[in-house]
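Colleague: Fold the following, please.
(chains A and B)
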Amino acid sequence: KAGVTQTPRYLIKTRGQQVTLSCSPISGHRSVSWYQQTPGQGLQFLFEYFSETQRNKGNFPGRFSGRQFSNSRSEMNVSTLELGDSALYLCASSLSGQSDYGYTFGSGTRLTVV
Amino acid sequence: DQQVKQNSPSLSVQEGRISILNCDYTNSMFDYFLWYKKYPAEGPTFLISISSIKDKNEDGRFTVFLNKSAKHLSLHIVPSQPGDSAVYFCAVWGFTSGTYKYIFGTGTRLKVLA
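Modeller: You can find the predicted model right below:
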């Protein structure tokens, strides 16, 4: 079955712009989580959506937002981009979002802010 | 908040020998503990997990040990193979800072030498 698909794979934006990243979870998975990976910081949790509702949220500023559609696809938006937003953004899906079976991650979107 | 720490950023091991990756955490209320493997240009892949009620879980060449009193998690790979060369992240699942989420360590880069 198809895995988690993230688009685009690479993105270059300038400071002050906004960006939207997309994630299509595994078919049947209702939970989608977003993570930011930067060198030395590991994976930082952004938020989790389940059945179109934000269920959990990490400690990121309000410039980072997301949504989930009825088909479980999710988008993440970052407004007023800053240089420090340059990172690999990973999306992960799971059936329920709360288990010890782990998530299935996409390959990520590498965002570079110049 | 560094609630999950992987103090060794890198590790080199000879093929056929044992690889031991370590992870320390601070919150005794975490429920599940997981290990992920990440190759370059790919998202993390779930490897193995253990719940807080167990102290050992084994899956083929991979064994995870949990020492709750020491708040320490380790992953043993025996025997190590060149294909195991990747970045390994430990992750904990539980309720912290007002939300359920995974908290990831910063990763350990394992290099298995042929």
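
Colleague: Need the three-state assignment for residue 90.
Modeller: Went with chain A since none was named. A:L90 falls in the strand class when you classify it by DSSP: H, G, I helix; E, B strand; the rest coil.

Colleague: try again with chain B
Modeller: Strictly by three-state DSSP, B:C90 counts as strand.

Colleague: That one and A:G106, how far apart?
Modeller: According to CB to CB, to the nearest Å, B:C90 and A:G106 sit 20 Å apart. For glycine as for every other residue, the C-beta is placed from the backbone atoms N, C-alpha and C.

Colleague: State whether B:S69 is indeed within a strand.
Modeller: No - checked against three-state DSSP, B:S69 lies outside a strand; its state is coil.

Colleague: any idea how far A:L11 is from A:G84?
Modeller: With CB to CB as the criterion, A:G84 and A:L11 are 15 Å apart.

Colleague: Show me which of these two is the more surrounded one.
Modeller: In this view A:G84 and A:L11 are compared by other CB atoms under 10 Å in any protein chain shown, and A:L11 has more residues nearby, 15 against 8.

Colleague: Reduced to three states, what does the most centrally placed residue in chain A come out as?
Modeller: Centroid-nearest residue in chain A, with CA atoms, centre = their mean: A:W34, separated by 3.1 Å. Look at A:W34: counting by three-state DSSP, its state is strand.

Colleague: And it, what's its pLDDT?
Modeller: As summarised for this prediction, A:W34 has a pLDDT of 96.
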